[in-house]
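Peer 1: give the three-dimensional model of this entry:
(2 chains)
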Amino acid sequence: MTELRDHLMALADKAVAAGEGPRQAAPHPVNDVMISHWTEAMGDRNPVYAGPDAVAPPVMIQVWSMEGLSRDPAREFRRPMDDVFDALDEAGYKGVVATNCEHTYHRYLSTGEELTSSTRMVDMVGPKRTALGEGYFVTWNVTWFSGDEPVAEMMFRLLKFQPVVPAEKAKREPYPLRPAVNDDTRFFWDGVQAGELRIQRCGGCGELRHPPGPVCPSCRSAERTHIVASGAGTVYSYVVHHHPPVPGQEPPFVVAVVELPEGVRMVGNIVQCPIEEVYVGMPVRVTYQEMDDELTLPMWAPIPEEA
Amino acid sequence: MRVVAGSVLPPLTIELTPTVVISTALATRDFTPVHHDPAIAKAQGSKDIFLNILTTMGLVERYVSDWAGPDARFRGIKVKLGVPAYAGDTLTFSGTVATVGENEAVVEVTGSVSLGPHVTASAVIMHGFGESPADLPPPRA
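Peer 2: Okay, the predicted model is just below:
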């Protein structure tokens, strides 16, 4: 692990030291067709983006240099950080998600302007544990030029991560513990299958209750309905289970009472978090864990770390 | 346009249909499969296809300029992403004017989906109190 990190960091250092990459010409000049695709898709009706004196929406700066689906080898070029990305892919950090983007516009662009851009890697930080999986944050800067005039700058950061999705489904043994599903609780487990965390609600007085039951403890109505929870929660209390052994679970593991903003509490395992980092008051989010080919259980993971 | 610090922008709600997620990804020339191919998005651990960051920025720009009007000019936009904005969800923007200078205003924007905050952003706009600087094209008549 340390060896891999050293290898990745060495590549990152090299990319940072390489400084600014070559100026790359944008595939298309600033043009009204791409502007109208953008404004239609965004629902942006600002009149300055249409007509004979149109200017381009400033956020589009990044669009002008996007390579798109072009497979023209003559246009292929490598940015300073591409070796780092290749190595991260090879090491299993195949997931990608953008986390930060900052644009600075020196001026607006008019149709017909031909742009170039150059890229400079800033840094790489990691490995960091996130709700998506372990990963590295990679940051770079881009400058766009019209002729030799810098017209816009960008700072961009993304997370390259190892997805925590169970990879080899075929090998999975059936999980030995099954929830008791009956007429009172079926709505909850159907919800879990559908990726929803459902809370029972009294059809009479509207009170929420969990765990589900046949009769409202407040108004004694047997009418039942449910709502879908936001999925957010806070650790209200927890235990670290060491003993006795539990079938299908590798001790130690954390069992928590999670308080939901909707007003009920649920019992569930805390996952994707080192045991020693769990604390009362920790913000968590529901995550659906596939225990085997048929059973999914709702569990709780820490909210992603901020970049 | 008259703005003061603390002015609140009217909210904007956008239904994130697959058409919105895909048409915006393609309009930004972002062909990464997680923005149009549900199977690949799910294989990465995502619930569904989700908005690309450039679209999020574009929607922040639209939200602020819908309110600020065609005379406003953006000097910069910063976004920080939170939870993903999946197809099928609803994105709701709210915003507040943070500061107003002689020539510039800073607008702080939050875009939330059912999972929580999807984006926190700030936009610096020239709001037309003074003369437009020479390097900005004048607003169209």
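Peer 1: just the strands in chain B please.
Peer 2: Taking DSSP state E as the criterion, chain B contains strands spanning B:8-15, B:73-81, B:90-100, B:104-113, B:116-126.
Peer 1: of these, give the one that comes closest to residue A:115.
Peer 2: Among those, the nearest to residue A:115 by CB to CB is strand B:73-81 (17.5 Å). All C-beta atoms are positioned from the backbone trio N, CA, C, and that covers glycine.
Peer 1: parallel or antiparallel, list what pairs with that closest one.
Peer 2: Using DSSP bridges, strand B:73-81 pairs in its sheet with strand A:95-105 (antiparallel), strand B:116-126 (antiparallel).
Peer 1: report the buried residues of that strand.
Peer 2: B:73, B:74, B:75, B:76, B:77, B:78, B:79, B:80, B:81 (16 or more other CB atoms under 10 Å in any protein chain shown).
Peer 1: now check the strand ranked longest in chain A, is it near chain B?
Peer 2: The residue-count maximum for a strand in chain A (DSSP E) belongs to strand A:115-130. No. Using CB under 8 Å from any CB of the partner chain, we find that strand A:115-130 stays clear of chain B, coming within 11.2 Å at best.
Peer 1: can you show me the CA trace of that strand as PDB?
Peer 2: Extracted in PDB, the C-alpha atoms of strand A:115-130 (Å, rounded to 0.1, in the frame of the first residue of the first chain):
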ATOM      1  CA  LEU A 115      -9.200  29.600 -28.300                       C
ATOM      2  CA  THR A 116      -6.300  27.700 -27.000                       C
ATOM      3  CA  SER A 117      -5.800  26.300 -23.500                       C
ATOM      4  CA  SER A 118      -3.000  25.000 -21.400                       C
ATOM      5  CA  THR A 119      -3.100  22.800 -18.200                       C
ATOM      6  CA  ARG A 120      -0.900  22.700 -15.100                       C
ATOM      7  CA  MET A 121      -1.300  20.000 -12.400                       C
ATOM      8  CA  VAL A 122      -1.400  21.600  -9.000                       C
ATOM      9  CA  ASP A 123      -1.400  18.700  -6.500                       C
ATOM     10  CA  MET A 124      -2.600  15.300  -5.500                       C
ATOM     11  CA  VAL A 125      -3.800  14.400  -2.000                       C
ATOM     12  CA  GLY A 126      -4.600  11.000  -0.600                       C
ATOM     13  CA  PRO A 127      -5.400   8.300  -0.100                       C
ATOM     14  CA  LYS A 128      -8.500   9.600   1.700                       C
ATOM     15  CA  ARG A 129     -11.400   7.600   2.900                       C
ATOM     16  CA  THR A 130     -14.700   8.800   1.400                       C
END
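Peer 1: tell me the angle that strand makes with strand A:95-105.
Peer 2: Counting by axes from the mean of the first three to the mean of the last three CA atoms, to 10 degrees, strand A:115-130 lies at 130 degrees to strand A:95-105.
Peer 1: quick one: mean pLDDT for strand A:115-130?
Peer 2: Throughout strand A:115-130, pLDDT has a mean value of 93.
Peer 1: please apply the same query to stretch B:86-101.
Peer 2: So the average pLDDT for stretch B:86-101 ends up being 95.
Peer 1: buried ones in it?
Peer 2: Buried residues in stretch B:86-101, counted by 16+ other CB under 10 Å: B:86, B:87, B:89, B:91, B:93, B:95, B:97, B:98, B:100.
Peer 1: output those as CSV; include the columns distance to chain A.
Peer 2: Converted to CSV, the buried residues of stretch B:86-101 look like this (distance: CB to the nearest CB, whole Å):
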residue, distance to chain A
B:86, 10
B:87, 13
B:89, 12
B:91, 11
B:93, 12
B:95, 16
B:97, 19
B:98, 16
B:100, 19
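Peer 1: most widely separated two among those?
Peer 2: Between any two of these (CB to CB), the greatest distance is 37.1 Å, for B:87 and B:100.
Peer 1: returning to that earlier point: reformat the strands paired with strand B:73-81 as CSV; add mean neighbour count, mean pLDDT and distance to residue A:4.
Peer 2: As requested, the strands paired with strand B:73-81 are arranged in CSV below (neighbours: other CB atoms under 10 Å in any protein chain shown; pLDDT from 0 to 100; distance: least, CB to CB, whole Å):
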stretch, mean neighbour count, mean pLDDT, distance to residue A:4
strand A:95-105, 20, 92, 16
strand B:116-126, 21, 95, 32
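Peer 1: adding distance to residue A:298, write these out as JSON lines.
Peer 2: Shown next, in JSON lines, are these (distance: least, CB to CB, whole Å):
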{"stretch": "strand A:95-105", "distance to residue A:298": "22"}
{"stretch": "strand B:116-126", "distance to residue A:298": "17"}
